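**Student:** predicted model, plus sequence, below.
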Amino acid sequence: MNEDRPRILIVEDSPTMRQLLAFALKRLRGAEIVEASDGMDGLRKITSDEFDLALIDINMPVMDGLKLISLIRAEGSLREIPIVVITTEGAAEDRERALSLGANEYLTKPIQANKVLAVARSLLKLG
Amino acid sequence: MSDDERQNLPVRAEEFLGMFRRGAEFTKELLEENQRLRRQLVEVEDRQTTAAGDDVEWSKLREELIARVRTLESEREDVLERLRAVEEENRLFAGRYLEIEEENNNLANLYVASYQLHSTLDLGEVLKIIIEIVINLVGAELFAVYVLDERSGQLEAVASEGAEVKTFPSAPLGSGPIGESVLSGEMILEEGASQDLDHPVVNIPLRVEDRPIGAIAIHRLLSQKESFSPLDHELFTLLAGHAATAIFAAQLHGHSERKLNTIQGFIDLLTK
């Protein structure tokens, strides 16, 4: 972690959600937030920079979140990055699929900022 | 031994003697302290012996000890009472902290929704943002955004989620659940889901002052969303005002752009 300031990547096509998540996550020791608007953009950013956590939406244009998660987990150097899925898909099979591909947590929309913060704190081991 | 060392010998001897003197003083202090403690011990033992043989002295000593125990018990009660008060205060602070954090999160939601709604003057973008807010912040699965066609007096679905926009029937202003809600400005707010696209479970009338603009009609929520929260009600109120203003501003901007283009075309024609 860069000087105790976590770096978090938000991959989400909705600007409203990106802004809301960034708003909440900045409260984690002034976390540095990087945003990506689709899966491909997310892949480019996560492979060219270092992150402590990634929040990924499932339904996105260009490349969906599940494909992005499988590509991240296939890349040796990115295997340890904690991934939180944030999606409207509430079915149990969607959850199992995302977790089996390598997501660490699965949160459904509408999101509650305190839940996102609690999950992020736990994955970043911020206590 | 070198000459230097020989010359330093008196200095080193003086240092050693100083150290020895300090050690001797410390030992003397220790012996005195030891003597003092021995005297105290003898005094206490004497007092105990005297007290054991003398009822008055024994009773005095006993009373002293009982008084001391009472004082200590009272102090202990005070400390416990203060501890309980501090714990209670901590609990209150923790509860208040959670309340404030929730309030903070709710305000962030409202701020982001409002910020996004007023971030553009393009009607298509405004409608897209309304859809995003209703999906992501409210958690709706099947809904439509209606805009009033002032010439026909019909509310037409212009954007939707969960079904094609053309499947949502138009609603005459002032007639049917959606039309009545928009005309009166009263929100429909029911729990559950509705398959009837004429009858939403939630209808948010969009109005600028008394002027009807349109509506957001919600028919079904996401499966994981069980009921509406106080934040949802705040969001509905925010949408009723801000979405209406954003749509109205975008419509006016679109009209003015078209008029400007027409006038510009006319001027170009005259000046050619």
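**Tutor:** It's in. Residues are numbered from 1 along each chain as shown, chains lettered A, B, ... in the order given.
**Student:** CA only for contacts and neighbour counts going forward, please
**Tutor:** Will do.
**Student:** quick one: least confident helix or strand in chain B?
**Tutor:** Using mean pLDDT, DSSP states H and E, the weakest-scoring helix or strand in chain B turns out to be helix B:3-53, at a mean of 84.
**Student:** helices or strands up against that helix?
**Tutor:** Helix B:3-53 is packed against helix B:55-117, with contacts defined by 3 or more C-alpha pairs under 8 Å, 6 or more residues apart in numbering or on different chains; DSSP states H and E.
**Student:** after the helix it packs on comes which helix or strand?
**Tutor:** Downstream of helix B:55-117, the next assigned helix or strand under DSSP states H and E is helix B:123-133.
**Student:** skipping adjacent residues, who's closest to A:Asp4 in space?
**Tutor:** Leaving out its chain neighbours, the residue that sits closest to A:Asp4 by C-alpha to C-alpha, 6 or more residues apart in numbering or on different chains is A:Arg29, at 7.4 Å.
**Student:** what of B:Val134?
**Tutor:** B:Ala140 (5.9 Å).
**Student:** tally of neighbours for that neighbour?
**Tutor:** Using other C-alpha atoms under 10 Å in any protein chain shown, B:Ala140 is surrounded by 24 other residues.
**Student:** what ranges does chain A have for its strands?
**Tutor:** Using DSSP state E, the strands of chain A run over A:7-11, A:32-36, A:53-56, A:83-87, A:105-108.
**Student:** select, out of those, the one closest to B:Leu270.
**Tutor:** Each of those has some distance to B:Leu270 by C-alpha to C-alpha; the shortest is strand A:32-36, at 49.0 Å.
**Student:** name the strands paired with that closest one and say parallel or antiparallel.
**Tutor:** Next to strand A:32-36 in the sheet, as set by DSSP bridges, lie strand A:7-11 (parallel).
**Student:** for the strand it pairs with, give the mean pLDDT please.
**Tutor:** When pLDDT is averaged along strand A:7-11, the result is 96.
**Student:** list the contacts of the residue nearest the centre of chain B.
**Tutor:** Taking C-alpha atoms, centre = their mean, the centroid of chain B lies closest to B:Glu101, which sits 1.3 Å from it. Neighbour list for B:Glu101: A:Asn114 [criterion: C-alpha atoms under 8 Å, 6 or more residues apart in numbering or on different chains].
**Student:** phi and psi next, for the residue nearest to B:Val134.
**Tutor:** Dihedral pair for B:Ala140: phi -90, psi 150, per degrees, to the nearest 10.
**Student:** sorry, back to before: now find how far off-centre the least confident helix or strand of chain B is within its chain.
**Tutor:** How far helix B:3-53 lies from its chain's middle: 64 Å, per C-alpha atoms, centre = their mean, to the nearest Å.
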